[in-house]
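**Q** Next come a sequence and a model predicted from it.
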Amino acid sequence: MTPTIPDELAKNYDPATIEGPWYDRWYDMGYFTALIDPEKKPFVVIMPPPNVTGELHMGHALFVAVEDILSRWHRMHGTPTLWLPGADHAGIAGQWVVERELAKNGLTRQDLGRELFLENVWEWMDLYRSRILSQLRTLGASCDWTRFHFTMDPGPSRAVRAAFKRLYDKGLIYRGERLINWCPRCMTALSDLEVDHEEVQGSIWTLRYPITGSDEYIEVATTRPETMLGDTAVAVHPDDERYRHLVGRFVTLPILGRQLPIVADAAVDPGFGTGAVKVTPAHDPNDFEIGRRHTLPMINVMNLDGTMNDAAGQFSGQSTQEARKNVVAVLDEEGFLVEVHEHTHSVGRCQRCGTIVEPMISKQWFIEMKPLAEPAIEVAKNGTVRFVPERFKGTYLHWMENIHDWCISRQLWWGHRIPVWYCDCGEIVVTDQETVQQCPKCGGTHLEQDPDVLDTWFSSGLWTFSTLGWPDDTEDLRYFYPGSVMETGYDILFFWVARMIFFGIEFMGEAPFHTVYLHGTVRDELGQRMSKTKGNVIDPTVITREFGSDALRFTLITAGAPGADMKLSEQRVEANRNFGTKIWNATRYVLRAIESGSIARAADGTPLAPVASDMTLADRWILSKLERLTADIEDLFANYQLGEAGRRIYEFLWSEYCDWYIESTKVVLNGEDEATRTTARQTLVYILERSLRLLHPFMPFLTEELWQHLPHSGDSIMIAPWPEADETRIDAQAVNEYEFMMEAVRAVRNARAETGVDAGAWISAMIYPGSHAETFQSLEPVFSLLARVGKGRFEYREAQLEAPQAVVTLVIDDAIIYLPLAGMVDLDAERERLRKEIEQVEEEIARAGQLLSNENFTSRAPAEVVDRQRERMSSSQERLALLQARLGELAG
Ligand SMILES: [Zn+2]
Ligand SMILES: [Zn+2]
């Protein structure tokens, strides 16, 4: 169904009444769907798939704004544009949400069993998915919904199995015992990203271990005394003189009596504590590495639920807290405890449930990273993949060069199940099929699938091609891979972006995009992170309901720069809604103006540019400004400076077009000259129609509504051509002259404000035009109206006034405007004002003088910069002379 556009533009800008209907219309017209055109290179952005269980937050709003702007800009350029949307099953977060729902009815996932639990999860997912997707739509996301993918859909799931099998067959996937982050409540391994670290106040215990066969002791310190039960060595630095004689000997572990070797390892910091450390390879990441280097046994003293196991001897079955208290008591009793101090240290908590995470030895699946990392490092180094902002390239390289093997298994039910099957005969079958019916070795049919699922980043890493049909050779894959830009938050540069790069190279033979654009986080107006506990969250759905998506998008884009965090406040969004209102009102003005005359249009209906010979100075000025803007925006877009592009359009429309040009036309349109009136109407509509197209990617709804009411060509601004700059239309002289007039108006306005003259009152003026006589002549009516001086008539002077009476004197370049505010001016105040201005100009002269006497500057800066500085110097000196003369005249 196509909504009809009312003939008349509504009186007021009300985003709520236009945004929804326009989105539906674009969708119905199929404008979001990417079409394959073999003649053209497409523009492709793959959306970072939001977590399906997530609620729309400002991070989403920001990425939608950036990616939608880029997509709309390319689409208007006529480039086949694919913005591919998706949703992520969210692994542990997804499972946790459903478990929480079950808990409301007193149920656990174990109560339901795997199959029933997963049925439950799917029902919830459908519900969540439609919610998050409709929220994305309210933001105006012009993504191709016909190519939407969910990570758990059959296609991407098959890609996951195929990728796993290929890596396994290549020997890059292996199963091994490693130390991982373990949540004893969720009973799963966690990635580093899923662990929150916090500083806590705890204690540090110094223990002494007796050297075997001697009466010496060695002291070690620990924040977790219960783990001493799993100690398998004591380590010291190889250069530490204090302990050199002990290396190679043994200590007797208190309580358990085990013999532990004393080893030398360079990772030990001799300056920390006693310089000797206990080594617990099964429960500490650093100790794990020391253990590997010295092939120490790994003794796990904990059960998966976090209680102590049989290896903990008499403490078996106790919680870590109980065991800690009891171990310390025994050590103290037996004389092995030296001292206890307060100590702040970092503790990791499960991001889902808050339980303290245990480093734990466990049998997991891993990907060997080195062979995958190497080509991924190369593409960043040789510029095949470029980072915006550039500094993130260093971060990326640092990570990739220090990469560890990746633990890809998770002890969850929700996710892509590991495609490994175990037969009774001991055979391990890795498959890209959904199931395995028969063992290829023994022919047996009793096979069990690995119970674990894959880390969500495994499927996310394949996202740039699994969504295009891989492992099949599809038309989409051939045309849209590799994509163009990957746009995401810098916080997942490693977790996601790096994985897409190395998987892309591994499976597709080339990196999946040429540019990585990283945005910052959205913070509150004080620069604090938004959080529910702080109560400073600005909810995008609430704010768009009040001010519109256009205003929110515009705010998010113009408030920031790539890679930088930004501050967001409701007032800023409101201010940008007011920007919308300003353009709305300007359009209403233009529509009224063109009612009274016809508009020249091209064959396709687009308003034509005004005829050059008929243009006034104001027309030439605004047209020059538009062409300059159009050219600059193109450059800014090409360099991903979207925020600056938005700010420039804002400045142009609000100030130059609305505040100056439209005001100028009020004089003309009320005048008698039909030719000038026609040109003004033509200019008004031509500039507005084109600038709406420039603004469209930023504020899609508002611009569409207004554009539809103006003379235009085509069915939608969304598919209208992007304006091309015609720099031959830039008239530098017109720009200079008009801007001289603007400066004069501002000077008069300031003077009126300073002397307390009512803003609406007409005052008279005498003008010594200096070299600007022609400008004054041609812009006289405009100047008069905007500055409210002279009522359209001026008294021009051939020379500067000899003995001015009580006047305010304004010096603009070499022109002088005298405002004889008889009876309204306080002479003392006027003298004070002149003195201040003289001071300012003197400072300017001093600054310029300093620069020009600097050998470094004059010899090294580009010639035109130095020349400009010289010009500025001499014009400031002229100005100073004039101001001093005026002050002298008032002295009497
Ligand atoms: Zn947990
Ligand atoms: Zn078998």
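**A** Perfect, I can see it now. Ligands and ions are numbered 1, 2, ... in the order given.

**Q** Ligand 1 contacts on this protein?
**A** 183, 185-186, 350, 352-353, 355 (C-beta under 5 Å from the ion). Any C-beta I mention is one placed from the backbone N, CA and C, and that applies to glycine too.

**Q** So the closest residue to T274 other than its chain neighbours, which state does it fall into?
**A** With sequence-adjacent residues excluded and distances taken as C-beta to C-beta, 6 or more residues apart in numbering, T274 is closest to E219, at 4.4 Å. Judged by DSSP: H, G, I helix; E, B strand; the rest coil, the three-state class of E219 is strand.

**Q** What residues are bridge-paired with E219?
**A** R208 (DSSP bridges).

**Q** what sits against it?
**A** Residues counted as contacts of E219 (C-beta atoms under 8 Å, 6 or more residues apart in numbering) are 206-209, 274, 276, 338.

**Q** Turn those into CSV, columns for distance to W399 and neighbour count.
**A** Output for the contacts of E219, formatted as CSV (distance: C-beta to C-beta, whole Å; neighbours: other C-beta atoms under 10 Å):
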residue, distance to W399, neighbour count
T206, 36, 16
L207, 37, 23
R208, 40, 18
Y209, 38, 23
T274, 34, 17
A276, 32, 23
V338, 40, 16
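
**Q** and the two most separated of those?
**A** A276 and V338 (12.2 Å; C-beta to C-beta).

**Q** was I right about P254 contacting L337?
**A** No. Counting by C-beta atoms under 8 Å, P254 does not reach L337; the two are 9.3 Å apart.

**Q** Need the residues touching each of these two.
**A** 207, 331.

**Q** D215 and ligand 1, how far apart?
**A** Per C-beta to the ion, to the nearest Å, D215 is found 47 Å from ligand 1.

**Q** Identify the residue nearest Y686 in space, chain neighbours excluded?
**A** Nearest to Y686 is P607, by C-beta to C-beta, 6+ apart, at 4.8 Å.

**Q** quick one: contacts for the one you found?
**A** 599-601, 682, 685-686, 689, 710-712.

**Q** So which of the residues you listed reach ligand 2?
**A** Okay, of the contacts of P607, nothing touches ligand 2 (C-beta under 5 Å from the ion).

**Q** Just give me the closest of the residues you listed to V236.
**A** E689 (78.1 Å).

**Q** and the closest residue to ligand 1 within the stretch 201-350 of the chain, how many residues sit next to it?
**A** In the stretch 201-350 of the chain, the residue that lies nearest ligand 1 is C350 (3.1 Å; C-beta to the ion). Using other C-beta atoms under 10 Å, C350 has 22 neighbouring residues.

**Q** With A575 instead?
**A** 14.

**Q** Please apply the same query to the one 5 residues further on.
**A** In terms of burial, G580 registers 24 neighbours under the definition other C-beta under 10 Å.

**Q** and it, how far is that from I662?
**A** 16 Å (C-beta to C-beta, to the nearest Å).

**Q** Likewise for N382?
**A** N382 is 52 Å from I662, by C-beta to C-beta.

**Q** Look at these two and report which has more neighbours.
**A** Between N382 and I662, counted using other C-beta under 10 Å, I662 has the larger neighbour count: 21 against 8.

**Q** which intervals of this protein have sub-threshold pLDDT?
**A** Within the chain, the stretches with pLDDT under 70 are 1-6, 756, 791-794, 801-806, 821-826, 889-892.

**Q** for F43, what are its contacts?
**A** 70-71, 74-75, 79-82, 484-485.

**Q** what kind of secondary structure is K582 in?
**A** helix.

**Q** close enough to count as contact, it and Y657?
**A** No. K582 lies out of contact with Y657 (C-beta under 8 Å); the separation is 9.6 Å.

**Q** how about the helices in the stretch 551-700 of the chain?
**A** 570-595, 617-638, 642-651, 663-669, 674-695, 700-709 (DSSP state H, counting those that start in this stretch).

**Q** what do you get for the stretch 751-892 of the chain?
**A** Assigned by DSSP H, counting those that start in this stretch, the helices in the stretch 751-892 of the chain fall at 773-787, 827-852, 855-860, 863-891.

**Q** the inter-axis angle of the second one versus helix 863-891?
**A** When you say that, I think you mean helix 827-852. Here helix 827-852 runs at an angle of 160 degrees relative to helix 863-891 (axes from the mean of the first three to the mean of the last three C-alpha atoms, to 10 degrees).

**Q** and helix 827-852, which residues are buried?
**A** 830, 833-834, 837-838, 841, 844-845, 848, 851 (16 or more other C-beta atoms under 10 Å).

**Q** Serialize these to a markdown table and add fields for distance to ligand 2.
**A** As requested, these are exported to a markdown table (distance: C-beta to the ion, whole Å):
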| residue | distance to ligand 2 |
| --- | --- |
| E830 | 103 |
| R833 | 98 |
| L834 | 101 |
| E837 | 95 |
| I838 | 98 |
| V841 | 94 |
| E844 | 89 |
| I845 | 93 |
| A848 | 88 |
| L851 | 84 |
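
**Q** Go through these and name the one nearest W365.
**A** For those, the nearest to W365 is L851 (65.0 Å; C-beta to C-beta).

**Q** Not counting sequence-adjacent ones, nearest residue to that closest one?
**A** Closest residue in space to L851, ignoring its immediate chain neighbours: F857 at 5.3 Å, by C-beta to C-beta, 6+ apart.

**Q** show me the contacts for the one you found.
**A** 851, 866, 869.

**Q** In CSV, list the residues you listed along with distance to E333.
**A** As requested, the contacts of F857 are arranged in CSV below (distance: C-beta to C-beta, whole Å):
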residue, distance to E333
L851, 79
V866, 84
Q869, 83
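
**Q** Test of understanding: give the bridge partners of the residue nearest in space to the middle of the chain.
**A** Nearest to the mean C-alpha position of the chain, counting by C-alpha atoms, centre = their mean, stands H519 at 2.0 Å. H519 has these beta-bridge partners by DSSP bridges: G489.

**Q** quick one: it and G560 touch, right?
**A** Yes. Judged on C-beta under 8 Å, H519 makes contact with G560 at a distance of 7.2 Å.
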